[in-house]
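Chemist: here is the input, now give the coordinates:
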Amino acid sequence: SSGYKRAAPSSKSKQSSKKTKSSDASSQKSLPELALAKKWDENMNVKGYYMSEKLDGMRCLWDGTNLYSRNHNLIHAPGFFTQNLPKGIALDGELFVGRGEFQECMSIVKQTKPDEHDWKRVTFCVFDAPTCEGDFDTRLQAAKDALSNTDTSIASVLPQTECRGKAHVLEEFARIRKQN
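Modeler: Numbering: from 1, shown residues only. Next up is the predicted model:
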């Protein structure tokens with residue numbers, strides 16, 4: 001179900017020592033650890049945090065060459081998709097087909113022989129550039145800059161809203177739920 005989920009960290013993401021899982025062991029390398037959302041605590045002061053819609057898709061990382069799952073498994077995306085993503089920058093986001101389409105999204109992106117027709121329904125919704133120096137605002141701008149010439153049907157930055165407080169969270173949550 002859609003709703004708002006993440007309070008964006010303002011410090012740089014840590015680098016992970018985890019190795020990628022790939023059919024080619026020689027291509028393994030370190031990938032950044034992805035920041036994970038935490039459950040919202042109604043007693044927490046959320047003013048100043050960033051919030052974005054929680055999507056029903058597959059969390060992934062673009063390392064500048066390949067897409068990987070949150071667990072660092074290679075995602076076999078077709079060339080038309082990966083050739084349109086920016087080189088030289090890691091992007092954290094979610095592969096998304098549409099609201100309520102989680103199972104359909106997973107059936108498309110988990111294929112080891114990608115179907116180009118199916119992948120035309122997938123969008124990479126980006127919410128961070130985890131290896132870029134700087135705070136969240138700086139990393140978010142780096143992601144926007146990197147995607148500025150990318151077809152938005154392939155990839156775009158997921159809108160982030162600075163939270164004004166608890167009432168704002170509830171208002172945005174109600175707005176998103178109406179769209180379902």
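Chemist: nearest residue to the middle of this protein?
Modeler: In the chain, the C-alpha nearest the mean C-alpha coordinate belongs to residue 93, at 0.9 Å (C-alpha atoms, centre = their mean).
Chemist: now do the contacts for that residue.
Modeler: By C-beta atoms under 8 Å, 6 or more residues apart in numbering, residue 93 lies in contact with 59-62, 124-128, 155, 158. For glycine as for every other residue, the C-beta is placed from the backbone atoms N, C-alpha and C.
Chemist: with secondary structure added, can I get these in a markdown table?
Modeler: Putting those into a markdown table (DSSP: H, G, I helix; E, B strand; the rest coil) gives the following:
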| residue | secondary structure |
| --- | --- |
| 59 | strand |
| 60 | strand |
| 61 | strand |
| 62 | strand |
| 124 | strand |
| 125 | strand |
| 126 | strand |
| 127 | strand |
| 128 | strand |
| 155 | strand |
| 158 | coil |
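Chemist: have a look at this structure and report its longest helix.
Modeler: Looking across the chain with DSSP state H, the single longest helix is helix 166-179.
Chemist: pull out the buried positions in that helix.
Modeler: 168-169, 172-173, 176 (16 or more other C-beta atoms under 10 Å).
Chemist: dump the residues you listed to JSON lines, plus pLDDT and distance to residue 120.
Modeler: Listed next are the buried residues of helix 166-179 as JSON lines, based on pLDDT from 0 to 100; distance: C-beta to C-beta, whole Å:
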{"residue": "168", "pLDDT": "91", "distance to residue 120": "35"}
{"residue": "169", "pLDDT": "89", "distance to residue 120": "34"}
{"residue": "172", "pLDDT": "88", "distance to residue 120": "30"}
{"residue": "173", "pLDDT": "86", "distance to residue 120": "31"}
{"residue": "176", "pLDDT": "84", "distance to residue 120": "25"}
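Chemist: can you pick out the most distant pair from those residues?
Modeler: Farthest-apart pair in those is 168 and 176; separation 12.7 Å (C-beta to C-beta).
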